[in-house]
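J.: coords please:
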Amino acid sequence: MLTTAPTMSLDAFIQRPPEHTEWVDGQLIEKKGVTAKTGRIQAKLAYYWRTHLLNSNQGGEVYVETPCRTTDRVRCPDVAYLTPDLVAQHGDFKVLPQSFSLIAEVVSPSDEAEEVFTKVREYLTSGGAEVWLVMPESQWVLVITPNQQILYGPEQTAATQQALPGFTVAVSELIA
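T.: Numbers count the residues shown, from 1 in each chain. The predicted structure is shown next:
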């Protein structure tokens, strides 16, 4: 669930981004509704992505709830991966000036579908290559790129399509 806080300019937000907060149309939106289950999935996915990038020598970095710019907003994806080239280009940033290469959002029961898919569109039109929507209650993982959408069920293995090549994870293991 998202709650609205007082307004703040985009420049002020970028200089000092409050934790667990997104900047949407001039409003500060506090991210709420994180449960133990969603937090556990977020931690697992960050661990799995980091382990894969280290074992495959692909490089880059994995981030958790780190702000990035989208079309005219600042979002904080639950888990995100940035390629080595983009890490070198942007260094130690406060707010990434574009979307991360690979993003995961763990969808909570209080999230509204339109808001979730609005975020996906923002990420993909702002430099993101791939977005994962992890839905713990229904046990689905939806992998979205600019050109395709692949839905993985609880008995399947989800795989990256464009970012972090070669990464796979059993949906049942991720959501367990």
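J.: when you work out contacts or count neighbours from here on, use the C-alpha atoms and nothing else.
T.: OK.
J.: give me the buried positions along stretch 77-94.
T.: Going by neighbour count (16 or more other C-alpha atoms under 10 Å), the buried part of stretch 77-94 is 77-83, 87.
J.: got the contact list for that stretch?
T.: By C-alpha atoms under 8 Å, 6 or more residues apart in numbering, the residues outside stretch 77-94 that reach it are 14-17, 42, 45-46, 49, 58-68, 96, 100-106, 164.
J.: and those residues, which of them are buried?
T.: 14, 17, 42, 45-46, 49, 59-68, 96, 100-106, 164.
J.: from the residues you listed, which land in helices?
T.: 14, 42, 45-46, 49 (DSSP state H).
J.: point out where this protein drops to low pLDDT.
T.: For the chain, applying pLDDT under 70 flags the ranges 1-6, 32-34.
J.: so the residue nearest to Thr35 when sequence neighbours are not counted: helix, strand or coil?
T.: Nearest residue to Thr35 in three dimensions, chain neighbours excluded: Ser108, at 7.9 Å (C-alpha to C-alpha, 6 or more residues apart in numbering). Each residue gets one of three states, and Ser108 gets coil by DSSP: H, G, I helix; E, B strand; the rest coil.
J.: ok, Ser108 touching Leu133?
T.: No - at 10.4 Å, Ser108 does not count as touching Leu133 under the criterion of C-alpha atoms under 8 Å.
J.: so for these two, which residues contact both of them?
T.: By C-alpha under 8 Å, 6+ apart, no residue touches both Ser108 and Leu133.
J.: CA atoms of stretch 158-165 as PDB?
T.: Extracted C-alpha coordinates of stretch 158-165, given in PDB (Å, rounded to 0.1, in the frame of the first residue of the first chain):
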ATOM      1  CA  ALA A 158      12.000 -18.500 -14.500                       C
ATOM      2  CA  ALA A 159      14.800 -17.200 -16.700                       C
ATOM      3  CA  THR A 160      16.200 -13.800 -17.600                       C
ATOM      4  CA  GLN A 161      15.600 -12.700 -21.200                       C
ATOM      5  CA  GLN A 162      17.900  -9.700 -21.800                       C
ATOM      6  CA  ALA A 163      19.700  -8.700 -18.600                       C
ATOM      7  CA  LEU A 164      22.000 -10.900 -16.500                       C
ATOM      8  CA  PRO A 165      22.300 -13.600 -19.100                       C
END
